[in-house]
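K.L.:
sequence-free structure coming up:
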């Protein structure tokens, strides 16, 4: 039974595909014939919808801005990665010479000024490493200092510190490094997904301008044909008026129709130029570049499964990463507020140093040097300020969690509506194709009937208006189909053709 249903679906898709290809091939032939008569194609750029999308994603201003926004996020992530690695730095004074009077206090407490005339050279090498699991820092230091005294007490001396290790560790406070290691990679993944979504937004903007041009070009071609038909009908009406088959009022109505058609042609031509300018500007093309757009000749897919689209969206879209990041940032704010209620820091330094008038002696006679410092900052009375900050962070986390739940509901609903609208749009497009064919046949029939004198001008105008509306409706329905198509693609960030291929394989 399932196999039979599957075969029926495949046969229907093949029939629909054949039907669409046959119609759009005919439409394409008419399109090219009209373009050949309307513009000279010597310097005209022919573009399909895929070509336009590629151009927009490569050279439009929107694409350049999206690329640079992503580069900012990329270098921000590079900074985070660099902060996890040891940093090596050098600090030195090369040289420092001073000759000045300094205040000197004697043993009896009195002061006098003495001349200080010396030269100092110093250099220190530091290696610093953050400790992500504890939130502290450890550093190694190696230094050498040289002092040369001038004047009555002339002499020189070296002081060395071959290596010393220093540990700085906060106790009971929040581990900023641990939270950064959880949030920063997620933020970078979100920026990658955002960049891909911006590219898809450029795609949507492209097809909007693309179909605006197609719509205006269709209006222009119809306006040309309507003017030609109106002039032809007016000539026929003049002959019929001479033999008394129509009234003077009907003749004047046809002349007015011809004048209105001429005005409509001028307006549609201006609208066509404006839409061409907007499209080529968006695509980054020259202002004098003429365009010839190809009407999409096939409909790529006729139905999508909501669950497949939703699962792929949750896998690729920035929404899932955004939710997790916001939750982690809210938790981090609460942890920071709690950690700041009491601050206890441990500082310890261990190493050896040596002093000698000879540089080698400064490294051979070393003495131990230790510094241990334990600092405590515990509030005694802050009138509830730190407690209030904790409560504020916790309340904000509840707000964030509620907002996340609401966003999840909206995200699910939007995907469901997109898929439903897309699946329904295939039927709407099929109706528009058939309505266009019927309205065109009716208009041609009504024209022949009017010329033979069997109907009046009102019936003919109604047939013409119905034909014009049907052709405009066809372009609009085609735009809506592609708009839904690329909207879904922008949500799941994967080619829909690949999703349908995998779905067929699963079946």
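P.N.:
Received it, and whenever you're ready, just let me know what you need. Keep in mind it's a predicted model, so treat the numbers as computed, not measured.
K.L.:
neighbours of residue 115, just the number please.
P.N.:
11 (other C-beta atoms under 10 Å). C-beta: built from backbone N, CA, C; applies to glycine.
K.L.:
Please disregard the earlier target; I meant residue 495.
P.N.:
Residue 495 has 11 neighbours, counted by other C-beta under 10 Å.
K.L.:
In which helix or strand does the closest residue to it other than its chain neighbours reside?
P.N.:
Nearest residue to residue 495 in three dimensions, chain neighbours excluded: residue 489, at 6.8 Å (C-beta to C-beta, 6 or more residues apart in numbering). For residue 489, the element it lies in under DSSP states H and E is helix 457-492.
K.L.:
Let me see the domain layout of this protein.
P.N.:
By the record's domain assignment, the chain is partitioned as 44-84+175-297, 88-131+134-173+343-378, 304-341+384-507 (automatic domain parsing).
K.L.:
Let me see the mean pLDDT of the first one.
P.N.:
Pointing back at domain 44-84+175-297 there. Average pLDDT, domain 44-84+175-297: 88.
K.L.:
that older thread, against which helices or strands is the helix holding residue 489 packed?
P.N.:
Packing partners of helix 457-492 (3 or more C-beta pairs under 8 Å, 6 or more residues apart in numbering; DSSP states H and E): helix 176-242, helix 248-282, helix 306-316, helix 385-451, helix 496-506.
K.L.:
Tell me which of those approaches residue 345 most closely.
P.N.:
helix 176-242 (13.7 Å; C-beta to C-beta).
K.L.:
what packs against that closest one?
P.N.:
helix 2-38, helix 49-59, helix 61-83, helix 248-282, strand 290-293, helix 318-339, helix 385-451, helix 457-492.
K.L.:
Compute the distance between the most far-flung residue of the chain relative to its centre and residue 150, please.
P.N.:
In the chain, the greatest distance from the average C-alpha position (C-alpha atoms, centre = their mean) is reached by residue 108, at 75.2 Å. To residue 150, residue 108 is 28 Å away according to C-beta to C-beta, to the nearest Å.
K.L.:
Compute the number of surrounding residues for residue 61.
P.N.:
Residue 61 sits with 12 neighbouring residues when counted by other C-beta under 10 Å.
K.L.:
Isn't it up against residue 205?
P.N.:
No: here residue 61 does not reach residue 205: they are 11.0 Å apart, not a contact under C-beta atoms under 8 Å.
K.L.:
most neighbours per residue, which of the helices and strands packed on helix 457-492?
P.N.:
helix 176-242 (a mean of 18; mean count of other C-beta atoms under 10 Å).
K.L.:
Report the inter-axis angle for that one versus helix 61-83.
P.N.:
Following axes from the mean of the first three to the mean of the last three C-alpha atoms, to 10 degrees, one obtains 170 degrees for the angle between helix 176-242 and helix 61-83.
K.L.:
Would you format the helices and strands packed on helix 176-242 as a markdown table with distance to residue 199 included?
P.N.:
Converted to a markdown table, those look like this (distance: least, C-beta to C-beta, whole Å):
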| stretch | distance to residue 199 |
| --- | --- |
| helix 2-38 | 27 |
| helix 49-59 | 5 |
| helix 61-83 | 7 |
| helix 248-282 | 14 |
| strand 290-293 | 21 |
| helix 318-339 | 12 |
| helix 385-451 | 18 |
| helix 457-492 | 8 |
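K.L.:
burial count for residue 481?
P.N.:
Applying other C-beta under 10 Å, I find that residue 481 has 21 neighbouring residues.
K.L.:
Model confidence score at the closest residue to it other than its chain neighbours, please.
P.N.:
The spatially closest residue to residue 481, leaving aside those adjacent along the chain, is residue 425, at 4.7 Å (C-beta to C-beta, 6+ apart). The model reports residue 425 with a pLDDT of 86.
K.L.:
in the stretch 1-150 of the chain, what spans have low per-residue confidence?
P.N.:
Filtered on pLDDT under 70, the stretch 1-150 of the chain yields the residue ranges 1-42.
K.L.:
cool, and the stretch 401-507 of the chain?
P.N.:
Applying pLDDT under 70 to the stretch 401-507 of the chain flags residues 455, 500-507.
K.L.:
What residues does the residue nearest to residue 481 make contact with?
P.N.:
The contact partners of residue 425, taken as C-beta atoms under 8 Å, 6 or more residues apart in numbering, are 477, 480-481, 484.
K.L.:
If we use 6 Å, what do you get?
P.N.:
480-481, 484 (C-beta atoms under 6 Å, 6 or more residues apart in numbering).
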